[in-house]
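**Q** Return atomic coordinates for the entry below.
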Amino acid sequence: MTANTIAELDEQVCHCRACPRLVQWREEAARVKRRAYADREYWARPVPGFGPPDAAMLIVGLAPAAHGGNRTGRMFTGDRSGDFLYAALHSLGLASQAVSTHRGDGLELRGVRVTQPVRCAPPANKPTPEERDTCRPWLVQELRLLRPTLRSVVVLGAFGWQAALPALAAAGWAVPRPRPAFGHGARVTLRAADAGAPLDLFGCYHVSQQNTFTGRLTTDMLREVLASAAEAAGLRQPGWSGAPG
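**A** Just a heads-up that it's a prediction; the model follows:
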C-alpha cells in the first residue's frame, strides 16, 4: 500500500477489499440497483479521489453514496450532494461545469481535489469507526503526496473532521491538543511538523440532502467556506465572488 504518485494511489485504492461489510454492501447495491438506474452498470468498488495531483485545495467528505459514487466511480457524482457541491465550485471558477453526472462528462476541477476518508459506500451512509480507521492509510498517503502544493483543506461534516485530524498529523502537520472542534466556518492553521508550508483547515456542514433540503447548509454558506479556502490556497483573489468568465 505504498504509492509514489497520485495516479498510482488511485489505482491501488480501487482494488481494496479490507472491510468485509463494506465490500458486501457496495456489491449488493450494485446487484439490486435503484430503479432509476436499472440499466446502468455500477462501479461497485472503492472510489478514488478526483482532481489534479498538484491541487492546492482539498475537499474531504465522508464516503461514497450507494447509488452515487458507488455507481459512477467518481466522488460526489450522480447524486444531489454532488450537484450542490460542484455547482458551488463552478460558481467560484474552481470547476469547469456545474453538473457532475458520470465519469466521462467532461468535468474538470481547477486546483481542487475531492476525496473521502472512507472509500466504499457504507450501509445507511454510516461507516463504523473501525472501517474509518482501516481506510485511514489511503488518506494519509494522499495527503503526503499532495503536501508540496496543498495549502488548504475543507472538511465536510463532523465524521470527516474526526477522520481527517489524525490523518493530517500522520501526513506531517502538527494538530493542536486538545484537537480543534468541528463547526461550520471553523478555521485552524496547522503548522508543518518539519520545514514545510502551513495548512489552513476549514470546517463546513456536509452537503448531504439532510442538510441542504432543510436549509441547515445553504448555497451561500457553502460558497463562503469554499471561497475562503480557495483564497487561502492562492486560487482566487480576495473579494472576488463571480463565476468564471
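**Q** Which other helices and strands does the strand or helix carrying S228 contact?
**A** Using DSSP states H and E, S228 sits in helix 219-232. On a contact count with 3 or more C-beta pairs under 8 Å, 6 or more residues apart in numbering; DSSP states H and E, helix 219-232 meets strand 57-60, helix 80-91, strand 152-156, strand 199-204. C-betas here are computed from N, CA, C, even on glycine.
**Q** could these be laid out in CSV, adding mean pLDDT?
**A** Below are the helices and strands packed on helix 219-232 laid out as CSV (pLDDT from 0 to 100):
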stretch, mean pLDDT
strand 57-60, 98
helix 80-91, 96
strand 152-156, 98
strand 199-204, 98
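**Q** so which of these gets nearest R74?
**A** Ranking the helices and strands packed on helix 219-232 by proximity to R74 (C-beta to C-beta) places helix 80-91 first, at 8.5 Å.
**Q** Can you give me the pLDDT of G196?
**A** Per-residue confidence (pLDDT) for G196: 89.
**Q** That one: neighbouring residues, count only.
**A** Neighbour count for G196, taken as other C-beta atoms under 10 Å: 13.
**Q** try V23
**A** 16.
**Q** coming back round to it: any chance of JSON lines for the helices and strands packed on helix 219-232, columns mean neighbour count and distance to T2?
**A** Listed next are the helices and strands packed on helix 219-232 as JSON lines, based on neighbours: other C-beta atoms under 10 Å; distance: least, C-beta to C-beta, whole Å:
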{"stretch": "strand 57-60", "mean neighbour count": "28", "distance to T2": "20"}
{"stretch": "helix 80-91", "mean neighbour count": "21", "distance to T2": "30"}
{"stretch": "strand 152-156", "mean neighbour count": "27", "distance to T2": "22"}
{"stretch": "strand 199-204", "mean neighbour count": "23", "distance to T2": "23"}
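**Q** Run through this structure and note the low-pLDDT ranges.
**A** Low-confidence segments of the chain, defined by pLDDT under 70, are located at 1, 237-245.
**Q** May I have the phi/psi pair for A55?
**A** Per-residue torsions, A55: phi -60, psi 140 (degrees, to the nearest 10).
**Q** Name the residue most distant from the centre of the protein?
**A** The centre of the chain is farthest from one residue, D39, which by C-alpha atoms, centre = their mean lies 27.6 Å away.
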